[in-house]
Each structure stands twice: as C-alpha cells, then as structure tokens.
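>>> could you look at this predicted model? Sequence included:
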Amino acid sequence: MPASPSVKATTPTLATLLIGFLLVLCSTQPPAHAAYATSGAIGTMHKSLGGNSGKLGPAVGPQRCTLIQKSCYQSFKHGSIHWTKATGAHATLGAIRTAWKKAGWERGPLGYPTSNEYRSGSEARQKFQNGMIVWTAKSGAKVTLTKAP
C-alpha cells in the first residue's frame with residue numbers, strides 16, 4: 001500500500017531535523033571543566049598546588065613518560081609538572097618555565113627541576129639539577145648554572 005501524502009511530506013522534514021540535531025550534538029565542545037586525569041607523583045604534586053582550581057589549572061593532555069632518563073611530564077593550562085626518579089615531581093610555570101624552555105628543557109644545561117618555584121624577597125626562584133632560574137620584575141628571568149651538565 002503506498003504511503004499517504006502526509007507521511008511523504010513529514011519524512012523529509014523529520015530526517016532534516018534529526019540530521020541537524022546530530023550535527024549540533026557532535027560539534028558541541030566539552031565543558032570547560034573537563035580535564036585529563038592526573039596520577040602518581042604528578043597527580044600528588046598537582047593536588048598539592050590546588051588541583052584544577054590551583055595555579056596550574058586543569059590538565060590539558062595525558063601524562064607522558066617519553067622523556068630522557070625514563071621521565072614523565074603532564075601539561076596543564078598554566079604550566080607543566082615533570083617527574084624523574086632522581087628529582088621527584090616539580091611544577092614549572094610562567095616566566096621561569098619560559099626561560100627553561102629557551103634553555104632546552106630537560107635536554108639543556110639545567111636538566112630537570114629539583115624544586116618548585118619559591119619566593120626569596122622580591123625574587124621568584126626555581127632550582128634545577130645544574131643551576132637555577134631567578135626572576136625579578138626588573139630583570140626578568142635569568143639562568144645561572146652552578147655546575148656543568
């Protein structure tokens with residue numbers, strides 16, 4: 001039995017609405033609070049710095065263990081945390097992180113961080129395996145090597 005004229009007219013309209021709904025559903029961005037999981041020493045460090053609402057913010061990628069010395073890192077909205085068996089997990093962010101990046105990250109002369117950033121008077125400092133980075137509002141971030149890599 002052939003379809004009635006009303007069914008013939010309704011079917012394309014319903015199909016169009018369904019396709020439109022699926023396109024909207026599939027193209028919707030995940031909520032801003034969605035983040036990658038953190039675990040182990042990196043997760044512990046992230047939590048100690050305030051977690052997703054802390055200074056690093058939420059993770060923007062998974063934990064990766066692909067660095068030299070069988071080390072791991074995870075990127076966050078405002079920085080990263082690097083972990084090695086020898087140094088533990090330490091966060092880098094802001095101008096100090098940028099200076100470490102310019103110096104070659106962990107493959108550069110500084111090596112891995114051995115402390116988190118800390119304040120000393122008007123300076124922000126962070127220690128690395130082979131030196132430190134000191135930041136002041138007046139001079140910016142300066143790398144100082146204390147020993148040869």
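That came in fine, so what should we check first? Everything numeric in this text was worked out from a predicted model, so none of it was measured.

>>> can you give me the helices for this structure?
5-27, 40-48, 94-102 (DSSP state H).

>>> pLDDT weak spots in this structure?
1-35, 149 (pLDDT under 70).

>>> ok, 90 please
The chain contains residues with pLDDT under 90 at 1-35, 147-149.

>>> how about the strands of it, start to end?
Assigned by DSSP state E, the strands in the chain fall at 64-67, 71-76, 79-84, 88-93, 118-120, 123-128, 131-136, 140-145.

>>> what packs against the fourth one?
When contacts are defined as 3 or more CB pairs under 8 Å, 6 or more residues apart in numbering; DSSP states H and E, strand 88-93 packs onto helix 40-48, strand 79-84. C-betas here are computed from N, CA, C, even on glycine.

>>> how about those in CSV, adding mean neighbour count?
As requested, the helices and strands packed on strand 88-93 are exported to CSV (neighbours: other CB atoms under 10 Å):
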stretch, mean neighbour count
helix 40-48, 17
strand 79-84, 22
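
>>> I'd like these as TSV, with distance to Cys65 appended.
Formatted as TSV, those follow (distance: least, CB to CB, whole Å):
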stretch	distance to Cys65
helix 40-48	10
strand 79-84	9
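
>>> go through the ones you listed and name the closest to Val134.
strand 79-84 (17.6 Å; CB to CB).

>>> what lines up beside the closest one in the sheet?
Sheet pairing for strand 79-84, assigned by DSSP bridges, gives strand 71-76 (antiparallel), strand 88-93 (antiparallel).
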